[in-house]
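Undergrad: Quick one, fold the following:
(2 chains)
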Amino acid sequence: AQSVTQLGSHVSVSEGALVLLRCNYSSSVPPYLFWYVQYPNQGLQLLLKYTTGATLVKGINGFEAEFKKSETSFHLTKPSAHMSDAAEYFCAVSEEYGNKLVFGAGTILRVKS
Amino acid sequence: DGGITQSPKYLFRKEGQNVTLSCEQNLNHDAMYWYRQDPGQGLRLIYYSQIVNDFQKGDIAEGYSVSREKKESFPLTVTSAQKNPTAFYLCASSSRTSGGDTQYFGPGTRLTVL
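TA: Model prediction:
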């Protein structure tokens, strides 16, 4: 069965600092990987996804993630944090059939001024 | 504007009552999904539907029921058999059911049992 582990339920960074949110997955087949962002009491918005091809994926709002098969990781980064980045971030994985998403527990990002 | 709507935004239920959460999409998507979100647990799949008049159980289907009579609509009923229904419920849709297809989410319904 697939599973997703997000290291750190809470991450705090200063405005302008590097953002690094960690995601590791387990899957018996090549996975499809997603990062979503959620602001309080709202739905989820797709930041970026990896399906095939280039392993470095660029998304919205300056975020990017790199698929590393050997490390089974898909960490999310942003070079410089902005106050508006404060939210909860979810990593998710799906397989070929059914497109069902399995989510990690989420990481709440706090940005300090 | 195309999108997914969920209603109501907040819902209060007395113990022993069934309640129905609405989910409508005008994206012409084939697939629709219901997830439950609890603090610190991420999202868990309740039910999903790949086509009209067909649906499958997800990981936590007990105490829930769904229907898919129209392509645009995928209502979720939380029955009295669901022991701990207080949660945030999110509906999603995708154009296809092949892996890697993006799921788009609605704004959610927060259900509280009194």
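Undergrad: What parts of chain A come near chain B?
TA: Residues of chain A lying close to chain B (Cβ under 8 Å from any Cβ of the partner chain) are A:4, A:9, A:32, A:34, A:36, A:41-46, A:49, A:51-52, A:90, A:92, A:94-106. For the C-beta atoms, the positions are set from N, CA and C on the backbone; glycine is no exception.
Undergrad: Among those residues, name the ones in strands.
TA: Among the residues of chain A next to chain B, the residues falling in strands (DSSP state E) are A:4, A:32, A:34, A:36, A:44-46, A:49, A:90, A:92, A:94, A:102-103.
Undergrad: Can you lay out the residues you listed as JSON lines showing neighbour count and pLDDT?
TA: Shown next, in JSON lines, are these (neighbours: other Cβ atoms under 10 Å in any protein chain shown; pLDDT from 0 to 100):
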{"residue": "A:Val4", "neighbour count": "23", "pLDDT": "94"}
{"residue": "A:Tyr32", "neighbour count": "23", "pLDDT": "91"}
{"residue": "A:Phe34", "neighbour count": "28", "pLDDT": "95"}
{"residue": "A:Tyr36", "neighbour count": "24", "pLDDT": "98"}
{"residue": "A:Leu44", "neighbour count": "28", "pLDDT": "96"}
{"residue": "A:Gln45", "neighbour count": "14", "pLDDT": "96"}
{"residue": "A:Leu46", "neighbour count": "16", "pLDDT": "96"}
{"residue": "A:Lys49", "neighbour count": "20", "pLDDT": "94"}
{"residue": "A:Phe90", "neighbour count": "25", "pLDDT": "97"}
{"residue": "A:Ala92", "neighbour count": "26", "pLDDT": "95"}
{"residue": "A:Ser94", "neighbour count": "24", "pLDDT": "87"}
{"residue": "A:Val102", "neighbour count": "22", "pLDDT": "92"}
{"residue": "A:Phe103", "neighbour count": "22", "pLDDT": "94"}
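Undergrad: what helix or strand does the residue positioned nearest the centre of chain B sit in?
TA: For chain B, the residue nearest the mean C-alpha position is B:Trp34 (2.8 Å; Cα atoms, centre = their mean). Using DSSP states H and E, B:Trp34 sits within strand B:31-37.
Undergrad: So the nearest residue in space to B:Ala87 that is not next to it in sequence versus chain A, what's the distance?
TA: With sequence-adjacent residues excluded and distances taken as Cβ to Cβ, 6 or more residues apart in numbering or on different chains, B:Ala87 is closest to B:Arg36, at 4.9 Å. Taking Cβ to the nearest Cβ, to the nearest Å as the measure, B:Arg36 falls 11 Å from chain A.
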